[in-house]
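Student: A structural model of the following input is requested.
(2 chains)
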Amino acid sequence: GAGVSQSPRYKVAKRGQDVALRCDPISGHVSLFWYQQALGQGPEFLTYFQNEAQLDKSGLPSDRFFAERPEGSVSTLKIQRTQQEDSAVYLCASSLNRTPQRGEQFFGPGTRLTVL
Amino acid sequence: SQQGEEDPQALSIQEGENATMNCSYKTSINNLQWYRQNSGRGLVHLILIRSNEREKHSGRLRVTLDTSKKSSSLLITASRAADTASYFCATRGSTLGRLYFGRGTQLTVWP
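Tutor: Numbers count the residues shown, from 1 in each chain, chains lettered A, B, ... in the order given. Prediction:
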């Protein structure tokens, strides 16, 4: 069966450009997470959706970061006016359960963003 | 900030040897998970141990959890070159399921 997919896999942006990263979770998965992974580090939480509702956005590093999941399926992470420190791999994960404490998170391959 | 911290940061062994990685964390947890990340691939879930469990096995993997010391260990027995990857522990608290990852242990298994 299909896993979590993300696109693009690689993105190079000039500083100041806006970017949009897409996540297609596993069909039927209620919970969706975005994480940011800097080089040599572990993933850090950005935001969490339950269906279309964004229940936790406490990990977003600045107001340049915005995420949405309007129909409770596909999600988009948008970064406005990109900076060099935004360079990282952005990981999306989905989980079947409405109470994600009990469920395994399935991760996509990530989008590697490089800001020049 | 990351809650879990793995030790060692890097581990290099020969095929057939056992690999042990440790993880320490700071606050109370609901469960602790171990993930593997290969170059070019996403994170793959390996095993989950709940806070009321002390040991769990899955194939060549053995995980222990000591909540009094806030630590966990992952043992990979009879390692293979294909086990070469970064290994992360991740803790899950009570807040909406977000995972807290450590920095990872880079394991290299030489044929």
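
Student: What segments of the chain are strands?
Tutor: Chain wasn't specified; assuming chain A. Under the criterion DSSP state E, chain A contains strands at A:5-7, A:10-13, A:19-24, A:31-37, A:44-50, A:53-56, A:65-68, A:75-79, A:88-95, A:106-107, A:111-115.

Student: try chain B instead
Tutor: B:5-7, B:10-14, B:19-24, B:31-37, B:43-50, B:55-58, B:61-66, B:71-76, B:85-92, B:99-101, B:105-110.

Student: And the first one, what does it pack against?
Tutor: It stands for strand B:5-7. Using 3 or more C-beta pairs under 8 Å, 6 or more residues apart in numbering or on different chains; DSSP states H and E, the elements in contact with strand B:5-7 are strand B:19-24, strand B:85-92. For the C-beta atoms, the positions are set from N, CA and C on the backbone; glycine is no exception.

Student: now those in JSON lines, with mean pLDDT and distance to chain A?
Tutor: Below are the helices and strands packed on strand B:5-7 laid out as JSON lines (pLDDT from 0 to 100; distance: least, C-beta to the nearest C-beta, whole Å):
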{"stretch": "strand B:19-24", "mean pLDDT": "95", "distance to chain A": "11"}
{"stretch": "strand B:85-92", "mean pLDDT": "91", "distance to chain A": "5"}
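
Student: Now do the contacts for residue 36.
Tutor: Using chain A. Listed by C-beta atoms under 8 Å, 6 or more residues apart in numbering or on different chains, the contact set of residue A:36 reads A:43, A:44, A:46, A:59, A:61, A:88, A:89, A:90, A:91.

Student: I was thinking of chain B, sorry if that wasn't clear
Tutor: B:43, B:44, B:46, B:85, B:86, B:87, B:88.

Student: Beta-bridge partners for it, please?
Tutor: Residue B:36 has the following beta-bridge partners by DSSP bridges: residue B:44, residue B:87.

Student: where are the low-confidence patches of chain B?
Tutor: Applying pLDDT under 70 to chain B picks out residues B:1-3, B:40, B:93-96.

Student: now do chain A
Tutor: Ranges of chain A meeting pLDDT under 70: A:1, A:98-103.

Student: Can you pull up the most central residue in it?
Tutor: By C-alpha atoms, centre = their mean, chain A has its centre lying nearest to residue A:34, at 3.1 Å.

Student: hang on, that residue packs against residue A:47?
Tutor: Yes - counting by C-beta atoms under 8 Å, residue A:47 is a contact partner of residue A:34 at 5.1 Å.

Student: okay, and the common contacts of the two?
Tutor: In contact with both residue A:34 and residue A:47: A:67, A:77, using C-beta under 8 Å, 6+ apart.

Student: who's in contact with residue A:89?
Tutor: Applying C-beta under 8 Å, 6+ apart to residue A:89 gives the contacts A:36, A:37, A:110, A:111, A:112, A:113.

Student: quick revisit: would you list the buried entries among the contacts of residue B:36?
Tutor: Among these, those buried by neighbour count (16 or more other C-beta atoms under 10 Å in any protein chain shown) are B:43, B:46, B:85, B:86, B:87, B:88.

Student: distance of the second one from chain A?
Tutor: As for residue B:46, its distance to chain A is 10 Å (criterion: C-beta to the nearest C-beta, to the nearest Å).
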